[in-house]
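Undergrad: sequence-free structure coming up:
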């Protein structure tokens, strides 16, 4: 569709998106988002905020979500390489608690669309990474939530070869496991799949 290949994953709502790359001896051009082309693929989100972070090798950010004002995210890497992960927190979903991961890099130019109702995080695999993401709702620190990155009930297969130390924020060190999450306080229309 247009300048994108939209690849569905095993979890409903998650997409790995490959933009077409137009390159020549001068460099390259990609279209990273086009509202009409995304809508043709059934992705009718509206983005309200763009963010960028820079991290060093071994930094793991996540697994994050917002208890209210849940954010859908279109993520990509413009420098370096990360392993990006989404975990389904929609309590009525047949894939509740399951995860999907994808390597995003400035070389492969892949993007990952993580809709509302998911926890999200990434591990930096390169010496440095610049991570960009568009959000469907504004960041609301009072509604921060998280899930433990290495929860055995989720069992994410993080690619840890070559990573000497996992670097976590103080906040990310104390997230509960999936079984300890109380999802009853979250917005029903987002997390309780109909």
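TA: Ah, there it is. Not measured: the values here are computed from a predicted model. Residues are numbered from 1 along each chain as shown.
Undergrad: how about the helices of the chain, start to end?
TA: Along the chain, the stretches classed as helices by DSSP state H are 35-40, 188-191.
Undergrad: Which one of the ones you listed has the poorest average confidence?
TA: Mean pLDDT values for these show the minimum at helix 188-191, a mean of 54.
Undergrad: Any stretches of the protein with poor pLDDT?
TA: Scanning the chain with the threshold set as pLDDT under 70 gives 1, 185-194.
Undergrad: Show which residue of it lies farthest from the average position.
TA: Ranked by distance from the centre of the chain (C-alpha atoms, centre = their mean), the top residue is residue 25, with 32.5 Å.
Undergrad: measure that one to residue 173 for me?
TA: 48 Å (C-beta to C-beta, to the nearest Å). Quick note: C-beta positions are derived from backbone N, CA and C, even for glycine.
Undergrad: what's near enough to touch the residue most central in space within the chain?
TA: Central residue of the chain (C-alpha atoms, centre = their mean): residue 120, 4.6 Å from the mean position. Applying C-beta atoms under 8 Å, 6 or more residues apart in numbering to residue 120 gives the contacts 62, 63, 64, 65, 73, 75, 84, 85, 86, 87, 114.
Undergrad: I am finished for the moment; much appreciated.
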